[in-house]
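> Dropping the sequence and predicted coords here.
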Amino acid sequence: MTEATIEKMAPFLQKGWEKAGFDQPTAIQSQAIPLIEQGKDVLAESPTGTGKTLAYLLPLLSKIEVEQKELQAVILASSHELVMQIHQEIQKWGEGSGITSGSFIGGANLKRQLEKLKKRPQIVVGTPGRLLELIKQKKLKMHTVKTIVLDEGDQLLVPEHIHTVNQVVKSSLKDRQVVLFSATLPEATEQAARELMDDPVLVKVTKEQVDTPEVEHIYFVSENRDKIQILEKLSRLDGMNGFAFLNDIGELAVAAEKLAYKNIDIVALHSELKKQDRAKVIQSFKAGKYPILLTTDVAARGLDVAGLAYVIHVDFPKELTQYIHRSGRTGRMGSTSGTVISIVTPREERNLKQFARKLGVTVHKKRLSHGKIVESK
């Protein structure tokens with residue numbers, strides 16, 4: 001997509017582009033936008049933080065027929081946070097267009113969500129379970145839907161969601177357009193997506209094609225029992241502003257308790273928190289009230305905090321894709337730099353080096369001294 005394509009877009013989108021201060025479109029935007037505008041089904045893979053949301057949102061918004069007061073596009077996302085974030089972007093970029101939209105998530109008050117549907121949104125963004133529930137109740141009518149987006153598709157087309165996602169997509173008419181975006185596109189995801197699509201175009205943007213901010217990958221070696229001690233020291237660093245990842249809610253609760261005992265001001269985000277509490281946690285972290293947000297992969301998926309300086313792997317990721325998704329929360333589009341910190345046992349150090357080789361990045365061993373990160377002797 002060239003500048004000319006932006007100029008061809010609706011005036012409200014051009015205005016939004018100028019307001020955002022963007023210059024050139026990113027690689028994924030250049031490649032995906034024209035295809036989506038042409039109505040093609042698209043399978044897109046691009047690293048985290050490269051502007052994937054706008055790559056589908058701009059053509060989607062430009063295709064909405066404002067005078068048709070009916071549902072025209074559905075966006076599926078795997079987590080509450082991602083749904084809310086996408087909806088904020090729709091509202092931001094749709095400003096002044098007259099386009100109506102609504103967000104629908106599990107756990108939220110169903111009555112209130114039914115009220116939203118009475119306003120006849122033209123775009124709906126939601127979690128698969130809640131959308132299917134509304135479809136089955138005949139409250140969400142899919143026969144007018146022209147485009148369906150699967151955001152973070154590798155999280156949607158997994159055993160626990162795939163059946164629901166399939167039902168949602170198949171409740172629309174056969175001539176719908178289906179597009180999928182993800183930072184990683186495993187073979188199983190691609191295969192499952194193709195079954196919902198009609199001759200899709202595969203778009204793959206590699207790290208080399210992306211003008212990414214400088215991200216440094218460093219690590220500390222520690223025994224398992226001492227990891228929280230290192231996290232405590234990291235939380236006291238000047239300018240600390242980071243996500244600290246743990247593998248499950250149990251580990252997270254233990255870590256939060258230990259840090260609270262040491263009077264460390266941290267905040268925790270996990271999937272069992274109520275919707276309002278999750279929103280409060282995110283808001284307070286974004287406002288800079290806490291240096292570290294303790295979280296699990298499920299809770300942080302799709303959570304975008306502008307200028308996040310650090311990602312800390314307290315529990316080392318089990319898979320490479322997990323390392324990629326977590327690490328991609330820092331050094332995102334519009335940032336200048338970021339640091340990924342892994343706290344590893346000697347055994348995990350070997351796994352980290354394997355990951356680094358596969359990703360083509362260099363990891364540097366460090367230690368903490370007098371409240372600063374220094375070279376390891």
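That came through, no problem. These numbers come from a predicted model, not from an experiment.
> Would you check how far apart E45 and I341 are?
Counting by C-beta to C-beta, to the nearest Å, the gap from E45 to I341 is 26 Å. (Each C-beta comes from the backbone N, C-alpha and C, glycine too.)
> let me redo that: G98
According to C-beta to C-beta, G98 and I341 sit 46 Å apart.
> and if you look at A287?
Going from A287 to I341 by C-beta to C-beta gives 23 Å.
> Kindly report the same for V179.
In terms of C-beta to C-beta, V179 sits 34 Å off from I341.
> Please apply the same query to V215.
V215 sits 11 Å away from I341, going by C-beta to C-beta.
> So if I had to pick from these two, which one is more boxed in?
I341 (24 against 18; other C-beta atoms under 10 Å).
> so the more buried one, which of the three states?
Recorded secondary structure, I341: strand (DSSP: H, G, I helix; E, B strand; the rest coil).
> mind checking how far it is from Q229?
Separation of I341 from Q229 (C-beta to C-beta) stands at 14 Å.
> again with D297
If you measure D297 against Q229 using C-beta to C-beta, the figure is 23 Å.
> again with L58
When L58 is compared with Q229 (using C-beta to C-beta), they lie 47 Å apart.
> So for these two, which residue has more residues nearby?
Between L58 and Q229, L58 has the larger neighbour count (other C-beta under 10 Å), namely 26 against 15.
> Contact partners for L13?
Counting by C-beta atoms under 8 Å, 6 or more residues apart in numbering, L13 touches 6, 58, 61-62, 93.
> residues touching the residue nearest to D198 when sequence neighbours are not counted, list them.
Among residues not flanking D198 along the chain, D41 sits closest, at 5.4 Å (C-beta to C-beta, 6 or more residues apart in numbering). For D41, the contact set (C-beta under 8 Å, 6+ apart) comprises 177-179, 197-201.
> Pick the one among these closest to T330.
Distance to T330 across those (C-beta to C-beta) is lowest for V179, with 26.7 Å.
> Mind listing the residues bridging to the closest one?
Taking DSSP bridges as the rule, V179 bridges to V42, V149.
> just checking, it touches V149?
Yes. Using C-beta atoms under 8 Å, V179 makes contact with V149 at a distance of 5.3 Å.
> just for the protein, where's the confidence low?
For the chain, applying pLDDT under 70 flags the ranges 1-5, 207-213, 299-302, 332-336.
> domain ranges for it?
Domains of the chain are assigned by automatic domain parsing as 3-208, 213-375.
> And the strands in the stretch 51-200 of the chain, which stretches?
Per DSSP state E, counting those that start in this stretch, the stretch 51-200 of the chain carries strands over the ranges 73-76, 101-104, 123-126, 147-151, 177-182.
> In three-state terms, label D277 for me.
What three-state DSSP gives for D277 is helix.
> Neighbours of E375, how many?
Per other C-beta under 10 Å, the neighbour tally for E375 reads 10.
> ok, for it, nearest residue in space, not its chain neighbours?
Nearest non-adjacent residue to E375, counting by C-beta to C-beta, 6+ apart: K366, 6.6 Å away.
> just checking, the one you found touches S376?
Yes. When contacts are counted by C-beta under 8 Å, K366 is listed as touching S376 (5.5 Å).
> about what we covered before: and the helix or strand hosting the residue nearest to E375, what's buried?
Element membership for K366, per DSSP states H and E: strand 363-369. Using 16 or more other C-beta atoms under 10 Å as the test for burial, strand 363-369 gives 363, 366.
> Return the alpha-carbon coordinates of that strand using PDB.
Output in PDB follows, covering the C-alpha atoms of strand 363-369 (Å, rounded to 0.1, in the frame of the first residue of the first chain):
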ATOM      1  CA  VAL A 363      21.200 -12.900  24.600                       C
ATOM      2  CA  HIS A 364      23.500 -11.300  27.100                       C
ATOM      3  CA  LYS A 365      24.100 -12.600  30.600                       C
ATOM      4  CA  LYS A 366      23.800  -9.900  33.300                       C
ATOM      5  CA  ARG A 367      23.800  -9.400  37.000                       C
ATOM      6  CA  LEU A 368      22.300  -6.800  39.400                       C
ATOM      7  CA  SER A 369      24.700  -4.600  41.400                       C
END
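> didn't M142 look like it was pressed against Q72?
No. With contact defined as C-beta under 8 Å, M142 does not reach Q72; the gap is 10.7 Å.
> Is it correct that K318 falls within a strand?
No. Going by three-state DSSP, the assignment for K318 is coil, not a strand.
> Please tell me how far the residue nearest to E375 sits from Q229.
From K366 across to Q229, the span is 15 Å (C-beta to C-beta).
> Check K275 too.
In this view, K275 and Q229 are 34 Å apart by C-beta to C-beta.
> do I282 as well
The spacing between I282 and Q229, counted by C-beta to C-beta, is 27 Å.
> do T295 as well
Counting by C-beta to C-beta, the gap from T295 to Q229 is 20 Å.
> Equivalent analysis for E348, please.
16 Å.
> What of M240?
Taken as C-beta to C-beta, the span from M240 to Q229 is 15 Å.
> Kindly report the same for L117.
Going from L117 to Q229 by C-beta to C-beta gives 51 Å.
> what does D154 give?
Separation of D154 from Q229 (C-beta to C-beta) stands at 34 Å.
> same check, this time on E89
Separation of E89 from Q229 (C-beta to C-beta) stands at 39 Å.
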